[in-house]
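Engineer: One predicted model, sequence on top.
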Amino acid sequence: TQKGNADLLGLNDLVNAPFFREIENKYAHSNKDVLRWALKPVLLGHLLQSGHEKVAYADPDLFFTGDFNFIADLLNEAAVVLTPHWADLDLRRNDDSIFSILRNGIFNAGFVAAGRKGLPAIHWWAGMCHFKMEKKQELGLYDDQRYLDLMQVQFKEIHVLRHQGCNLAAWNIHSCKREMKDGRLLINGQYNPVFIHFTHDTINNILEKNDEPLRPYLDEYMKLLTAK
């Protein structure tokens, strides 16, 4: 269906997509969150197979603040674009951060982009999500996310998005340093903010004045969410 300039897809639109039935049968009646996380690669694969040359998945708590067209340009060569967490790995400053990355994964599954030649990788990811979706540290599992660490080994042309203005969040407050220069926010002195991940922890950090440079973006985000 259409709403304005947007096409709205429902579960019925995905019934013929690879792994949809298997994932629906396994998770639909047990955990709705797990179901929607597992369907990320199914939706991406469906869109690519429906004729779209380039697609991107974005979590609903992402807020885009700058030009992101360069990510689409990356897909002229890349099969899939993954976003690192950019967690702080300076053990002198924060020795718990390395354990967080080892538990949760190098890449954040809140944003993944793919082109047509990324279809094998996206279908593989869907298969992994069907196999197991659990937060189980002893098995190295973190729902759909930890599988992305393996994708760059299993498949060629997996691009690591190294623009540190992407996926700003509580987990990279130290490694993606927020700096005000001439009235503008820059990340590590060179990157413009592109999108912010307003997770619960990110919002709390801002409200507690631990990440004040992001406060204007949070205010704008909340204003848009509450606008009628």
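Structural biologist: Great, that's in hand.
Engineer: which residues of the chain fall in strands?
Structural biologist: 2-3, 6-7, 54-58, 62-64, 80-84, 107-115, 135-136, 141-142, 158-160, 166-168, 178-181, 184-187, 195-197 (DSSP state E).
Engineer: Single out the most deeply packed of those strands.
Structural biologist: Sort the strands of the chain by mean neighbour count, taking mean count of other CB atoms under 10 Å, and strand 166-168 sits at the top with a mean of 27. Bear in mind the C-beta positions are built from the backbone N, C-alpha and C, glycine included.
Engineer: any residues touching that one, and which ones?
Structural biologist: 62, 68, 71, 83-86, 108, 110-111, 176, 178, 187, 193-197, 202, 214 (CB atoms under 8 Å, 6 or more residues apart in numbering).
Engineer: residue ranges of the helices in the chain, please?
Structural biologist: With DSSP state H as the criterion, the chain has helices at 20-27, 32-49, 69-74, 96-104, 119-131, 147-154, 200-207, 215-226.
Engineer: Need the ones you listed in a markdown table (columns: distance to N12).
Structural biologist: What follows is the helices of the chain, written out as a markdown table (distance: least, CB to CB, whole Å):
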| stretch | distance to N12 |
| --- | --- |
| helix 20-27 | 10 |
| helix 32-49 | 12 |
| helix 69-74 | 28 |
| helix 96-104 | 33 |
| helix 119-131 | 18 |
| helix 147-154 | 26 |
| helix 200-207 | 32 |
| helix 215-226 | 28 |
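Engineer: can you list those in CSV and add mean pLDDT and mean neighbour count?
Structural biologist: CSV is the format used below for the helices of the chain (pLDDT from 0 to 100; neighbours: other CB atoms under 10 Å):
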stretch, mean pLDDT, mean neighbour count
helix 20-27, 96, 18
helix 32-49, 96, 20
helix 69-74, 97, 14
helix 96-104, 80, 14
helix 119-131, 97, 21
helix 147-154, 95, 17
helix 200-207, 97, 16
helix 215-226, 96, 12
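Engineer: Out of those helices, the one nearest G165 is which?
Structural biologist: The closest of the helices of the chain to G165 is helix 69-74. By CB to CB, the value is 10.6 Å.
Engineer: helices or strands next to that closest one in the packing?
Structural biologist: strand 54-58, strand 107-115 (3 or more CB pairs under 8 Å, 6 or more residues apart in numbering; DSSP states H and E).
Engineer: could those strands go into a markdown table alongside distance to M133 and mean pLDDT?
Structural biologist: A markdown table is the format used below for those (distance: least, CB to CB, whole Å; pLDDT from 0 to 100):
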| stretch | distance to M133 | mean pLDDT |
| --- | --- | --- |
| strand 54-58 | 16 | 97 |
| strand 107-115 | 11 | 97 |
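Engineer: nearest to A17, of those?
Structural biologist: Judged by CB to CB, the one of those that comes nearest to A17 is strand 54-58, at 12.8 Å.
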